[in-house]
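**Q** Quick one: sequence plus predicted model below, questions after.
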Amino acid sequence: MYSSSSVSKRLLLIHVLAMQFLLISSELSLNTTNAYLNHKCLVSQGKYKPGSKYEELLNTTIGIFYVDSRDNKGFTLFGGSTLSALLQCRGDS
């Protein structure tokens, strides 16, 4: 005969595993239907003018991301204009 504590531990484990499988399957279904994953950026779709101050600041910031990403130290940028950026590196690209 099983003790009540071992039965409750097994039931808890079953519930936790079931929740994990449900979360994993829902996440996988989101990833396969996410149109953003297959999106290609085109130069003709840009929202700023070539040669503008924004483009200069953007190129500077991207350069800092690249240089600082090799050192794993983060980045800082000081200047009169502000550009907010979020960097997410993907291992598969």
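**A** Structure received.
**Q** for Pro50, helix, strand, or coil?
**A** The three-state label given to Pro50 by DSSP: H, G, I helix; E, B strand; the rest coil is coil.
**Q** Which segments of this protein make up each domain?
**A** Structurally, the chain divides into domains by automatic domain parsing as follows: 1-34, 49-93.
**Q** which of these has the lowest average pLDDT?
**A** For the domains of the chain, mean pLDDT drops lowest on domain 49-93, to a mean of 65.
**Q** If we ignore the residues flanking it in sequence, what's nearest Glu55?
**A** Tyr48 (5.8 Å; CB to CB, 6 or more residues apart in numbering). In this view, the C-beta of every residue, glycine as well, is placed from N, C-alpha and C.
**Q** my read: the one you found touches Asn59, true?
**A** No. At 11.2 Å, Tyr48 does not count as touching Asn59 under the criterion of CB atoms under 8 Å.
**Q** Need the overlap of contacts for these two.
**A** Jointly contacting Tyr48 and Asn59 under the rule CB atoms under 8 Å, 6 or more residues apart in numbering is no residue at all.
**Q** Reduced to three states, what does Leu58 come out as?
**A** helix.
**Q** Around it, count how many other residues there are.
**A** Residues lying near Leu58 (other CB atoms under 10 Å) number 14.
**Q** Please apply the same query to Val16.
**A** 10.
**Q** Could you do the one 5 residues further on as well?
**A** Taking other CB under 10 Å as the criterion, the count of residues near Phe21 is 10.
**Q** That one: which element?
**A** helix 4-33 (DSSP states H and E).
**Q** Restrict stretch 48-63 to CA atoms and write it as CSV.
**A** Extracted C-alpha coordinates of stretch 48-63, given in CSV (Å, rounded to 0.1, in the frame of the first residue of the first chain):
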residue,chain,number,x,y,z
TYR,A,48,13.3,57.3,-42.8
LYS,A,49,15.2,59.1,-45.6
PRO,A,50,18.6,58.0,-46.7
GLY,A,51,21.3,60.4,-45.5
SER,A,52,19.2,61.7,-42.6
LYS,A,53,20.4,62.3,-39.1
TYR,A,54,18.3,59.4,-38.0
GLU,A,55,20.1,57.1,-40.4
GLU,A,56,23.5,58.3,-39.2
LEU,A,57,22.5,57.7,-35.5
LEU,A,58,21.0,54.3,-36.4
ASN,A,59,24.2,53.2,-38.2
THR,A,60,26.3,54.4,-35.2
THR,A,61,24.1,52.5,-32.8
ILE,A,62,24.2,49.3,-34.8
GLY,A,63,28.0,49.6,-35.0
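**Q** Before I go, just wanted to say thanks for your time.
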